[in-house]
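Chemist: Kindly generate the corresponding structure for this input.
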Amino acid sequence: MQIEIYAATRPQQNRTANEDAFLIGRGPTPYAVICDGVGNAQQSAKKACSLFEKLISEPTEIQDSAIWQRWIKILDSCLLGGHQSTFVGMAIVGTQLVGASVGDSRLYLFDREGELCILTENTKRLGSSHAEPFIIRHSPRSGDILLMMSDGAYGPLNLYALKKAIVSATSRHFSEMPEAILNAAKSREDDATVVALRLR
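Modeler: Next up, the predicted model:
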């Protein structure tokens, strides 16, 4: 199974600092992460992504939900006493998708039948000391598209508008999908990030 991953991010209007951060791994175990720092918190999102990159590089049973729960606890402790951050992370292990989410950043599934749904639920953010991960487990199929989005990207779009943007973008190269969704969102009142993954 071939996997394509692309991302786009843009800061809030009239600002150069972007409080969102993302991470993409295109190795034997593809993975992606989005973090959205809360407040004047550019460094908290980057810090969470950087630590996750170290965690996922260690030999471990990444498909085990308990591993993701442990990672979230480590990330939560790492941000205590500073700015908080959301987190959505996923990895493709064989034919399975596994991951976790904390906060209000989201993971969407646009399946090959053209149906769109949200695979995550809101929880406490990293750095709150009460971060309890929402564990993500899914069996994706060839043709499915997965979208990780910070609230600045999905906030201006209801499901109908997001689906319309996705369908419109499928006529272009897949690398243009994240930017097309950001353009559809239009609003620049918050930092916005989209990571798009497609299975082929």
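
Chemist: all helices for the chain, in order.
Modeler: If DSSP state H is used as the criterion, the helices of the chain fall at 42-57, 65-78, 151-154, 159-169, 177-185.

Chemist: Buried deepest among these, which one?
Modeler: Ranked by mean neighbour count, those are led by helix 151-154 with a mean of 25 (mean count of other C-beta atoms under 10 Å). Backbone N, C-alpha and C define where each C-beta goes, glycine included.

Chemist: any idea of the mean pLDDT for that helix?
Modeler: Averaged over helix 151-154, pLDDT sits at 95.

Chemist: Let's see that helix as PDB, backbone CA atoms only.
Modeler: Output in PDB follows, covering the C-alpha atoms of helix 151-154 (Å, rounded to 0.1, in the frame of the first residue of the first chain):
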ATOM      1  CA  ASP A 151      -9.200  24.500  14.700                       C
ATOM      2  CA  GLY A 152      -8.100  27.400  12.700                       C
ATOM      3  CA  ALA A 153      -8.500  25.300   9.600                       C
ATOM      4  CA  TYR A 154     -11.700  23.400  10.300                       C
END
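
Chemist: For the worst-scoring helix or strand of the chain on mean pLDDT, name the packing helices and strands.
Modeler: Across the helices and strands of the chain, mean pLDDT, DSSP states H and E gives its lowest value to helix 42-57, namely a mean of 91. Under the contact criterion of 3 or more C-beta pairs under 8 Å, 6 or more residues apart in numbering; DSSP states H and E, helix 42-57 touches strand 20-25, strand 31-36, helix 65-78, strand 87-93.

Chemist: export those to a markdown table and tack on mean pLDDT and distance to residue 143?
Modeler: Compiled in a markdown table, these are given as follows (pLDDT from 0 to 100; distance: least, C-beta to C-beta, whole Å):
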| stretch | mean pLDDT | distance to residue 143 |
| --- | --- | --- |
| strand 20-25 | 96 | 21 |
| strand 31-36 | 96 | 18 |
| helix 65-78 | 94 | 26 |
| strand 87-93 | 96 | 14 |
